[in-house]
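# heads up, no residue letters with this:
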């Protein structure tokens, strides 16, 4: 089943549209009309699990914390009169949607396993999807309406790549100034970041492995910044080299890793921590290669 492609489009929409005419309700006492679809038929676990499955994968791919994804999936399922059991692994998630019945024996159960398609962090999408889950629970949205709103959220374009490169370059130059870099060093960092971030966007778009991409971008950015050492520009050329790769630091995965560990999702937390540490090693290797080639002993 399609989840998210590299352009952040929603490949699962055709499948959802095919079942839109079969939505319905299972528990009128919870969520009002939330369990009604296009024609008012009874909502099944199969229809609900398809929505929650893609919803959860999209939220994870956008940088959502594991606990947030778990709570959001449970909130949506309970709004339609179902229960959900969710197991999240580094590259896959396993989801079970259960229709409760008297005596503790489920009246209906559906289980699905899907891949988690990684993508660039998008906090705007994370916030919008979380708000949608609350709207489902509080406003009694039908599954058909929830699908339409979900499609609209996924269709929102990301920030313009050119503007994003400029803003990241400004931020990285500011970091250089924060570490006592002078104006020539800040200028070099600005230009190096523009080049490195552009290279990162292109390489990831071509499908190159993240680790190789981070190594090449770190090498390219630090190599350009090392011109300050070669040409003796300013009084802090080493600061420019050190600050030129800061835009590559995987801060969001590191934060999510620590939050996952603190929340008890140790497997996901350790996995994210290892992945982020691997990228940091690749960044350090790229920087070390530049220092070796340019004869820079220390930063």
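Alright, I've got the coordinates. A quick note: this is a predicted structure, and the numbers were derived from the prediction, not measured.
# least trustworthy helix or strand in this structure by mean pLDDT?
One helix or strand of the chain scores below all others by mean pLDDT, DSSP states H and E: helix 13-19, with a mean of 34.
# what packs against whichever helix or strand comes after that one?
Heading C-terminal from helix 13-19, the first helix or strand you meet, by DSSP states H and E, is helix 45-61. Packing partners of helix 45-61 (3 or more C-beta pairs under 8 Å, 6 or more residues apart in numbering; DSSP states H and E): helix 13-19, helix 66-79, strand 83-88, strand 92-99, strand 108-115, helix 123-139, helix 143-155. (Each C-beta comes from the backbone N, C-alpha and C, glycine too.)
# what's the most buried one of those?
The densest packing among these, expressed as mean neighbour count by mean count of other C-beta atoms under 10 Å, is seen in helix 66-79 with a mean of 21.
# What average pLDDT does stretch 263-271 get?
The average pLDDT for stretch 263-271 rounds to 91.
# Buried residues in that stretch, which are they?
Across stretch 263-271, burial judged by 16 or more other C-beta atoms under 10 Å covers 265, 268-269, 271.
# One more: stretch 242-253?
With the criterion 16+ other C-beta under 10 Å, stretch 242-253 contains buried residues 242-248, 250, 253.
# ok, now stretch 44-51?
Within stretch 44-51, the residues that count as buried by 16+ other C-beta under 10 Å are 44-45, 47-51.
# Report the mean confidence score over the helix or strand harbouring residue 242.
Per DSSP H and E, residue 242 falls inside helix 237-243. For helix 237-243, mean pLDDT rounds to 91.
# Low-confidence regions, the stretch 101-250 of the chain specifically.
Within the stretch 101-250 of the chain, the stretches falling below the threshold (pLDDT under 70) are 103-104.
# same thing but 80
Within the stretch 101-250 of the chain, the segments meeting pLDDT under 80 span 101-108, 117-120.
# What helices and strands are in contact with the helix holding residue 242?
Packing partners of helix 237-243 (3+ C-beta pairs under 8 Å, 6+ apart): helix 161-178, helix 183-205, helix 210-225, helix 227-230, helix 266-294.
# okay, the angle between the following helix or strand past it and helix 45-61?
With elements assigned by DSSP H and E, the helix or strand that comes after helix 237-243 is helix 251-262. Per axes from the mean of the first three to the mean of the last three C-alpha atoms, to 10 degrees, the angle that helix 251-262 makes with helix 45-61 is 120 degrees.
# what distance separates helix 251-262 from the middle of the whole chain?
On the basis of C-alpha atoms, centre = their mean, to the nearest Å, the separation between the geometric centre of helix 251-262 and that of its chain is 13 Å.
# quick thing: my sequence starts at 31, can you match it?
Got it, first residue is 31 now, which makes that one helix 281-292.
# and that helix with helix 296-324, angle?
Between the axis of helix 281-292 and that of helix 296-324 there is an angle of 150 degrees, by the same axes, to 10 degrees.
# Return the backbone torsion pair for the nearest residue to residue 153 once chain neighbours are set aside.
Closest residue in space to residue 153, ignoring its immediate chain neighbours: residue 93 at 6.7 Å, by C-beta to C-beta, 6 or more residues apart in numbering. Here the main-chain torsion angles of residue 93 (degrees, to the nearest 10) amount to phi 100, psi 20.
# Kindly report the same for residue 262.
Dihedral angles of residue 262 (phi, psi; degrees, to the nearest 10) stand at phi 60, psi 50.
# Touching, residue 125 and residue 118? I think so.
No: checked against C-beta atoms under 8 Å, the pair residue 125 and residue 118 is beyond contact range at 9.2 Å.
# you'd agree the residue nearest to residue 153 is up against residue 157?
No: counting by C-beta under 8 Å, residue 93 sits too far from residue 157 to count as a contact (10.9 Å).
# Report the distance from stretch 159-169 to the chain centre.
Using C-alpha atoms, centre = their mean, we find the averaged C-alpha position of stretch 159-169 to lie 20 Å away from the chain's own average C-alpha position.
# Contacts for it, please.
By C-beta atoms under 8 Å, 6 or more residues apart in numbering, the list of residues contacting stretch 159-169 from outside reads 61, 64, 85, 88-89, 92, 94, 98, 102, 105-106, 108-110, 171, 176, 179-180, 183.
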